[in-house]
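Engineer: Provide a 3D model corresponding to the input given below.
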Amino acid sequence: MRRSEPTTHPIPHPAADFSLRRVGAMVLRYWYLLRGSWPRILELAYWPTMQMILWGYINQFMASGSGGGSGWVAQGAGVLVSAVLLWDVLFRGQLGVSVSFLEEMWSRNLGHLFVSPLRPTEWVVSLMVISLLRTLIGVLPAALLAIPFFGYSVFGLGLPLVAFFINLIVLGWSLGLLIVALILRYGMGAEGLAWIVVFMLAPVSAVYYPMSVLPGWLQAVSWALPSSHVFEGMRALLYEGAMRWDHLAWATGLNALYMALSVGVFLYGFHRARVRGALLQTGE
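Structural biologist: Okay, the predicted model is just below:
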């Protein structure tokens, strides 16, 4: 009896089985994910808009020549280097808290942490400590390299530099805790906020130009931010050689208020996430 030969089927060409229905189904899937996550929609329009606003105000200030514009140009190296380094303190402080939290989510370790005796407040303190270390590791080399590259040392600001640093990193921690609370509430679809929220404050934080450049209604927003007072105080120190204690007092008071609010929001969000079982859910 002859053994039957195995039936062979030709391998179809990839283009032969192309289905527009499957393509449409995948597009619809991604559209539902995007539509269901407002942080992702915000992120799409964020970068072009923010760059336009930020550099538009810089251009306006440089072109106007008002508010000490000529002095700004003459001392541009020192002002810009100081502004960039101090802004990075705020950015790194916020990112240190947010990314440390996200790493626990990415590794699916958050649930494991809180079956241990670890308390939420202890976790918050540890996030702040690691954020401080990450900020120092990121900013100190840049500050040291600015000396040979630009002939400028931010350490020349003296003891006020410590006050500026503390206020900016505390504001970064407050933002980081708010972002963590939002991720616990909305899921990993909100993780993009860790990279964009701090830059939403850049146009109104008077980083590269004085608050007087802003429209009147935006100046009111700027006055409510500790970062604006820090950068106004930095420019006063560089231009006039005087420490503006009023700006330091405003920055410290606002930071105390925002830190208390952010810790409260985080603890409430964490409690609600624990009740819903969201600490074990790391998906969209």
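Engineer: Please, which helix or strand holds Trp250?
Structural biologist: Assessed by DSSP states H and E, Trp250 sits inside helix 245-276.
Engineer: Could you say which helix or strand holds Ser116?
Structural biologist: Per DSSP H and E, there is no helix or strand for Ser116.
Engineer: Look up phi and psi at it.
Structural biologist: Phi and psi for Ser116, reported as degrees, to the nearest 10, are phi -90, psi 170.
Engineer: what's the answer for the one 3 residues further on, then?
Structural biologist: As for Arg119, its main-chain torsions (degrees, to the nearest 10) stand at phi -100, psi 150.
Engineer: quick one: pLDDT of it?
Structural biologist: Per-residue pLDDT puts Arg119 at 81.
Engineer: What is the neighbour count of it?
Structural biologist: By other C-beta atoms under 10 Å, the residues close to Arg119 number 10. Heads up, the C-betas are built off the backbone N, CA and C, glycines and all.
Engineer: quick one: average confidence on stretch 86-98?
Structural biologist: 88.
Engineer: no, scratch that, I was asking about stretch 222-231
Structural biologist: 94.
Engineer: picking that back up, quick one: distance of the helix holding Trp250 to the chain centre.
Structural biologist: 16 Å (C-alpha atoms, centre = their mean, to the nearest Å).
Engineer: name the helices or strands packed onto it?
Structural biologist: helix 120-150, helix 160-186, helix 226-240 (3 or more C-beta pairs under 8 Å, 6 or more residues apart in numbering; DSSP states H and E).
Engineer: Which residue lies nearest the spatial centre of this protein?
Structural biologist: Val198 (3.5 Å; C-alpha atoms, centre = their mean).
Engineer: Now that one: closest residue in space, sequence neighbours ignored.
Structural biologist: Nearest residue to Val198, sequence neighbours excluded (C-beta to C-beta, 6 or more residues apart in numbering): Gln94, at 4.8 Å.
Engineer: State the distance from that neighbour to Leu201.
Structural biologist: 10 Å (C-beta to C-beta, to the nearest Å).
Engineer: got it, and Met243?
Structural biologist: 23 Å.
Engineer: who has more neighbours, the two?
Structural biologist: Leu201 (21 against 16).
Engineer: and the more buried one, what is it in contact with?
Structural biologist: By C-beta atoms under 8 Å, 6 or more residues apart in numbering, the contact list for Leu201 reads 90, 225, 227.
Engineer: let's go with 7 Å and repeat that
Structural biologist: 225, 227 (C-beta atoms under 7 Å, 6 or more residues apart in numbering).
Engineer: if we can go back for a sec, touching, the residue nearest to the centre of the chain and Val89? I think so.
Structural biologist: No - in this structure, Val198 is not within contact of Val89 by C-beta atoms under 7 Å, at 10.9 Å.
Engineer: Run a quick neighbour tally on the residue nearest to Val198.
Structural biologist: Gln94 has 29 nearby residues by other C-beta under 10 Å.
Engineer: Excluding sequence neighbours, find me the nearest residue to Ala224.
Structural biologist: Leu254 (6.9 Å).
Engineer: what about the nearest residue to Ile130 once chain neighbours are set aside, distance to Phe199?
Structural biologist: Of all residues not flanking Ile130 in the chain, Ser100 sits nearest, at 5.4 Å (C-beta to C-beta, 6+ apart). Distance of Ser100 to Phe199, computed by C-beta to C-beta: 19 Å.
Engineer: measure Pro226 to Ser98 for me?
Structural biologist: 18 Å.
Engineer: returning to that earlier point: next one: phi and psi at the residue nearest to Val198?
Structural biologist: Residue torsions, per degrees, to the nearest 10, at Gln94 are phi -70, psi -40.
Engineer: Leu80: what's it in contact with?
Structural biologist: Leu80 neighbours (C-beta under 7 Å, 6+ apart): Tyr208.
Engineer: Leu175 too?
Structural biologist: 94, 197-198.
Engineer: List just the nearest of those residues to Ser37.
Structural biologist: Val197 (14.9 Å; C-beta to C-beta).
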